[in-house]
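Visitor: Got a predicted model here, sequence first, then my questions.
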Amino acid sequence: MSKTIFISYSHDNLEHMKWVKKFADDLKEKGNLDVLIDQDLPKGMSLTRFMEIGIEIADCVLVIGTETYKVKSSSNSGVAFEESIISTDVLNDIDTTKYYPILRSGTFKTSFPSILSGRNGDDIRDDSKYEDVLKVIIDEINNPKNFILHELNHHKKKNDISESVLNVVFGVKILIETMFGKPTGKIEGIAFYVDITNLCKEPRYINSPYFELSITYDDLKNFYLTNIIGERYKFPLKLEYGQVLTQTYRLNKENTILFKDMLLKHPEITIQAVCSTTLNEQEYSKPYEFKKILELLK
């Protein structure tokens, strides 16, 4: 059974569109592949539905990288719509090989959005090597290699690599009321804060932090806080090496009542902040004693 291929590209100019159409036709004829490309659509068909369903049903998405493609990926365009679907899919499964970058002009860094620029792909800028690269692409699609990540994961477990990828710091601070940008000296409340630092040389996409109790309380073990002070980030969030994210959560009246009840039933209860990456890496902060939180509430 032939595989279904979706081609994601930008309409740079007429010459580029003709090249992409020839590339699609060659994949059909020489690779026995079912190729989905917008140039084959009947007039009046919804492009948005074509992109959404086409990417979903495709076995492989070939992304044709050019400088214009990268620019359009962050603008109000069809490329941006496709890129948003691709980014979400990749962040949900970082090990996926569904999205296959094909460089047509520029470099991988200048012609692909960051979610794709670091992925293994092929260079098809030199037309004199077109046929050779075409064969490589067809072979890769029809005979995918599945053993590499398995071998890497096995090697990692074998050598027991346990270095931290994130540094997670959790604490409590007093909120001081301000007026016209200056502190009044009046205590407004208290808040939790979480600092997350990427310790890896490579970027990491982190999920929203949450909190874990040392003892299960009325079926509650893990929980999120939503009373965020300051900027609300959209997760998963990319952190470069050494970059720090700080999230602060104001404690409201309901939180205070809940925490007092927890401490009353479990005097030794502690709380930790937990953060994970889209690679399923997970890091914990040091435990924080609830009785210290209640001392501040007094």
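Guide: Everything's here; your move. Quantities reported herein were computed from a predicted structural model and do not represent experimental measurements.

Visitor: use CA for all of it now, contacts and neighbours both
Guide: Will do.

Visitor: buried residues in stretch 194-205?
Guide: Of all the residues in stretch 194-205, those buried under the rule 16 or more other CA atoms under 10 Å are 194, 195, 196, 197, 198, 199, 200, 204, 205.

Visitor: For stretch 175-190, the averaged confidence score.
Guide: Confidence over stretch 175-190 (mean pLDDT, whole number) is 70.

Visitor: End to end on that stretch, go ahead and measure it.
Guide: Criterion CA to CA, to the nearest Å; first-to-last residue distance in stretch 175-190 is 5 Å.

Visitor: Show me the shaky parts of the stretch 51-200 of the chain.
Guide: Across the stretch 51-200 of the chain, the ranges flagged by pLDDT under 70 are 146-163, 177-185, 187.

Visitor: that older thread, and which of the buried residues of stretch 194-205 is nearest residue 7?
Guide: Lowest distance from residue 7 to these (CA to CA) belongs to residue 205, with 25.9 Å.

Visitor: The closest one: which element?
Guide: Element membership for residue 205 (DSSP states H and E) is strand 204-206.

Visitor: what's downstream of that strand, the next helix or strand?
Guide: Tracing the chain C-terminally past strand 204-206 and defining elements by DSSP H and E, one meets strand 210-217 next.

Visitor: List the strands paired with whichever helix or strand comes after that following strand, with their directions.
Guide: Downstream of strand 210-217, the first helix or strand assigned by DSSP H and E is strand 220-223. With DSSP bridges as the test, strand 220-223 is paired with strand 210-217 (antiparallel).

Visitor: Could you list which of the buried residues of stretch 194-205 belong to strands?
Guide: Judged by DSSP state E, the subset of the buried residues of stretch 194-205 located in strands is 194, 195, 196, 197, 198, 204, 205.

Visitor: before we move on, back to that, which residues touch the strand holding residue 205?
Guide: Here strand 204-206 makes contact (CA atoms under 8 Å, 6 or more residues apart in numbering) with 91, 198, 235, 236, 237, 238, 239, 240, 275, 276, 277, 278.

Visitor: Compile the ones in strands among the buried residues of stretch 194-205 into a markdown table and extend it with columns for distance to residue 101.
Guide: Output for those, formatted as a markdown table (distance: CA to CA, whole Å):
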| residue | distance to residue 101 |
| --- | --- |
| 194 | 36 |
| 195 | 35 |
| 196 | 31 |
| 197 | 30 |
| 198 | 26 |
| 204 | 20 |
| 205 | 20 |
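
Visitor: In which helix or strand does the residue nearest the centre of the chain reside?
Guide: The residue lying closest to the centre of the chain (CA atoms, centre = their mean) is residue 91, at 3.6 Å. Of the helices and strands defined by DSSP H and E, residue 91 is found in helix 78-92.

Visitor: and that helix, which residues are buried?
Guide: By 16+ other CA under 10 Å, the buried positions in helix 78-92 come out as 78, 79, 80, 81, 82, 83, 86, 87, 90, 91.

Visitor: Tell me the one of those nearest residue 57?
Guide: So of these, ranked by how close each gets to residue 57 (CA to CA), first place is residue 86, at 12.8 Å.

Visitor: In contact with that closest one, which residues?
Guide: residue 99.

Visitor: do the same with residue 68
Guide: Applying CA under 8 Å, 6+ apart to residue 68 gives the contacts 10, 12, 111.

Visitor: mind putting the residues you listed in CSV, distance to residue 105, neighbour count and secondary structure included?
Guide: Below are the contacts of residue 68 laid out as CSV (distance: CA to CA, whole Å; neighbours: other CA atoms under 10 Å; DSSP: H, G, I helix; E, B strand; the rest coil):
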residue, distance to residue 105, neighbour count, secondary structure
10, 12, 24, coil
12, 11, 13, coil
111, 7, 24, helix
